[in-house]
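In: sequence first, predicted coordinates after that:
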Amino acid sequence: MRRLCIGSLAAAGLLLAGGMALDYANQRDATAIPAARSVPIAKLQAARQSSSDLEVGGELAGLPPGVTRYITREDLLTLPQATYTVSDDSNFTGPTKISGVPLEDLARSLGAAPQAAMVVAICDDKYRANYPREYVAAHHPLLVLAVNGQPPSSWPKDSEGHGYDMGPYMISHPIFKPSFKIFSHADEPQVPWGVVRIEFRNENTVFGAILPRARHAATPLVKAGYRIAQQNCFRCHNMGREGGQKSGTPWLVLSAWAMASPEYFGA
Ligand code: HEC
């Protein structure tokens, strides 16, 4: 699901208007991931061989940061698979059997810092879904390889009726129970489809791009706006190289809007 969600514009507006200058003092502590299980290492290819290959990047084990590699669908299928019947994923119209590789296991198999990596899923339309460690520990997202036992060519089309293919990869959860609520923004399932690339990143680097700064950084409303923006706005509005570029409207443009027309964010 990639709908526009601006229910919490007010707090995000405060973040954008007040929080954008100096000082990185406010980094969030990370939640620890349970001890590593042994997961086979997936085979990485230097070049794409098929449109169904998954692109991987960020910080990969044994490789310099920033390089891109590819994994074939067949190789992903050799990793341990989890299977669930989901009934609360808005991408499906009814209870649906999904199977694939838990993002925790993918990070353990591929990430340079498996205990520390945030997983970022990037879609063909430049939407980005971020999976901080806290989210992964709470919701156990799954990189879906099969829907009702079928490969992407037989998957249902997008549930909004546009007729889009949801492959080559999508992300779902066994079940989703929101783990926080800030104003009108409840913890939202991050269920992108059309996923083409997965990155393993340092959470502080990614969210650091929009970290509230200067004298307003510690105020509760700006902190709330930051939390909402991390999970909501940053999926489609980028700050430099970080964040999604789906909207075509970068962070500093939003910031200028918030300062010039704060009433616009009162929705
Ligand atoms: C699913 C993607 C998506 C998310 C999530 C998202 N936006 Fe946007 N946003 C867009 C798109 C696309 C546009 C451009 C709309 C247009 O040009 O008509 C936009 C435009 C805007 C604009 C410019 C004004 C306008 O109406 O064109 C503002 C301000 C804005 N977004 C704020 C936010 C805030 C704040 C959040 C988080 C609470 C957010 N957006 C979350 C996609 C998104």
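Out: Done, it's in.
In: sheet partners, orientation included, of the longest strand belonging to the chain?
Out: Criterion DSSP state E: the longest strand present in the chain is strand 193-202. Using DSSP bridges, the strands paired with strand 193-202 are strand 54-58 (parallel), strand 117-123 (antiparallel), strand 169-172 (antiparallel).
In: what mean pLDDT does the first one get?
Out: Pointing back at strand 54-58 there. Strand 54-58 comes out with an average pLDDT of 97.
In: what's in contact with it?
Out: The contact list for strand 54-58, computed with Cβ atoms under 8 Å, 6 or more residues apart in numbering, reads 44, 48, 65-71, 73, 76, 110-111, 117, 120, 143, 168-169, 195-201. Using the backbone N, CA and C atoms, a C-beta is placed for each residue, glycine as well.
In: could you rerun that using 6 Å?
Out: 68, 69, 70, 71, 110, 196, 197, 198, 199, 200, 201 (Cβ atoms under 6 Å, 6 or more residues apart in numbering).
In: ditto for the shortest one
Out: Counting by Cβ under 6 Å, 6+ apart, strand 169-172 makes contact with 86, 89, 98, 121, 141, 142, 143, 144, 191, 192, 193, 195, all of which sit outside it.
In: if we use 8 Å, what do you get?
Out: 54, 84, 86, 89, 91, 98, 103, 121, 129, 141-145, 152, 155, 190-196.
In: hey, which helix is longest across this structure?
Out: helix 220-231 (DSSP state H).
In: got the buried residues for the following helix or strand past that helix?
Out: Elements were assigned by DSSP states H and E; along the chain past helix 220-231, the next helix or strand is helix 251-260. Applying a neighbour-count criterion of 16 or more other Cβ atoms under 10 Å, one finds 251, 254, 255, 257, 258 buried in helix 251-260.
In: what do you get for stretch 101-118?
Out: 101-112, 114, 116-118.
In: mind checking the pLDDT average for that stretch?
Out: Stretch 101-118 shows a mean pLDDT of 90.
In: quick one: end-to-end length of it, please.
Out: 16 Å (Cα to Cα, to the nearest Å).
In: related to what we said a few turns ago, so which of the contacts of strand 54-58 is the closest to residue 174?
Out: residue 198 (19.1 Å; Cβ to Cβ).
In: how far away is that closest one from the ligand?
Out: Relative to the ligand, residue 198 is positioned 19 Å away (Cβ to the nearest ligand atom, to the nearest Å).
In: just residue 258 next, same as before
Out: 7 Å.
In: sorry, back to before: beyond the longest strand of the chain, next helix or strand please.
Out: Strand 193-202 is succeeded, C-terminally, by helix 203-208 (DSSP H and E).
In: noted, bye for now.
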